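[1] pasting the sequence and the predicted model now:
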Amino acid sequence: MTPDNTPRPAARAAIDLVTAAWHTQAVYAAVKLGLPDLIAAGHTGPADLARAAGADEDAVRRLLRLLLRLDVVDGDENDGYRNTDVGELLRDQPGSLRDVSLLYGEEFYQAWGHSIETFKTGGTGFEKAYGKSLIGYLREDSDAAERFQRAMKAQANNFAFDAVPQHIDFTADRHVVDIAGGSGQLLARVLGSAPEARGTLLDLEHTLPIARAHLEQSVGTDRTELIAGDMFTTPIPKEADTYLLSRVLGDWSDDDCVRLLRSIREAMAPNSRLLIIELVVQEGKAGLIAPLWDLHLMVVNGGHQRSIGEYRDLVARSGLAIERSVPLPMEASALVLTPAG
């Protein structure tokens, strides 16, 4: 407030910006302590929650005070706390964002702590924090790799994948190939809307167990095939109706992207299509998630999100053309590509 008690919006906005990381870590602490699950189990008071979590009572009381203002919990200390819809999304249950909170509160938070190295040198904050690349870290730590895949699956559950079959017709497809398909979430959604199609998922060996479990449960093993391999060196299955490339190109340089896109182009039939699902950076002030994610990729693995103009350049170098761009929820887009010429 100024001396005459009038508001100072710019000062408040600046304070909100510089303390935003505290929100992340407060939610992370709640998830790490298991508070959303304990509340759901009937532990609703600060003292009871602290005992159940093996935590300090005063610290838990003060954490709940902030979580109330962040809309993670509702209620009060006297009558007990309950989870809001946000709090329910942070419980340890299928479809939650619990693993996302743990990943961003631990590994990614540490990487951002070294972000100045990225801006000064171009190296990644993740390598500065952990002494190895994100991919190397996940290859060496199976528990972290599994948590990473669960987090990616949870993001898919809560972001754009459900909307893809609502906006793009797959009913005529007979073969769908998901390149670097991760947990198999997108492939399962697509096959669910294409009853006559079979699906192939190609990804690194350590990612396949989660994909296998999900695809077995959702569409069955008789319709799916898993291929363990590197998308840059493993042959891409030929002449599928649709190829899927979701949240992949943002992790790689332009030259690597062109190399991958050319490999897919060589595998495509004249009437095949390629769907690229990414956050596309808009012009001006439109869209906040894409530029945020752009910096996050830069800090974590040296990647970046691109504008539609940058994607046009990439696909033109690869013998492809953008047929249309389909808006999806959470600022995502599906770029439908076909062979050029």
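    Perfect, thanks for sending it. As the structure is a computational prediction, the values presented were derived from the model and not from experiment.

[2] can you show me the helices along the stretch 101-250 of the chain?
    Shown for the stretch 101-250 of the chain, the helices assigned by DSSP state H, counting those that start in this stretch span residues 107-112, 115-121, 125-130, 134-140, 142-158, 164-167, 185-192, 208-218.

[3] please name the nearest non-neighbouring residue to Gly45.
    What sits nearest to Gly45 in space, not counting adjacent residues and going by Cβ to Cβ, 6 or more residues apart in numbering, is Gly80, at 5.5 Å. Bear in mind the C-beta positions are built from the backbone N, C-alpha and C, glycine included.

[4] list the contacts of the residue lying closest to Pro165 once chain neighbours are set aside.
    Closest residue to Pro165 in three dimensions, ignoring its sequence neighbours and counting by Cβ to Cβ, 6+ apart: Ser193, at 3.7 Å. The contact partners of Ser193, taken as Cβ atoms under 8 Å, 6 or more residues apart in numbering, are Pro165, Phe170, Thr171.

[5] Gly309 and Val315: what is the separation?
    Gly309 is 11 Å from Val315, where distance means Cβ to Cβ, to the nearest Å.

[6] ah, wrong one, I meant Pro339
    Taking Cβ to Cβ, one finds Pro339 at 10 Å from Val315.

[7] next, show the common contact partners of these two.
    With Cβ under 8 Å, 6+ apart, Pro339 and Val315 have common neighbours Ala321.

[8] neighbour count winner among these two?
    Neighbour totals were compared for Pro339 and Val315, and Val315 leads with 22 against 16 (other Cβ atoms under 10 Å).

[9] for the strand or helix carrying that one, enumerate the helices and strands it packs against.
    Remark: Val315 resides in helix 308-317, with elements defined by DSSP states H and E. When contacts are defined as 3 or more Cβ pairs under 8 Å, 6 or more residues apart in numbering; DSSP states H and E, helix 308-317 sits against helix 254-267, strand 320-327, strand 332-339.

[10] quick one: the strands in the stretch 1-150 of the chain?
    Taking DSSP state E, counting those that start in this stretch, the strands of the stretch 1-150 of the chain run over residues 73-76, 80-83.

[11] check what pLDDT the closest residue to Leu66 other than its chain neighbours gets.
    Nearest non-adjacent residue to Leu66, counting by Cβ to Cβ, 6+ apart: Ala26, 5.3 Å away. With respect to pLDDT, Ala26 scores 97.
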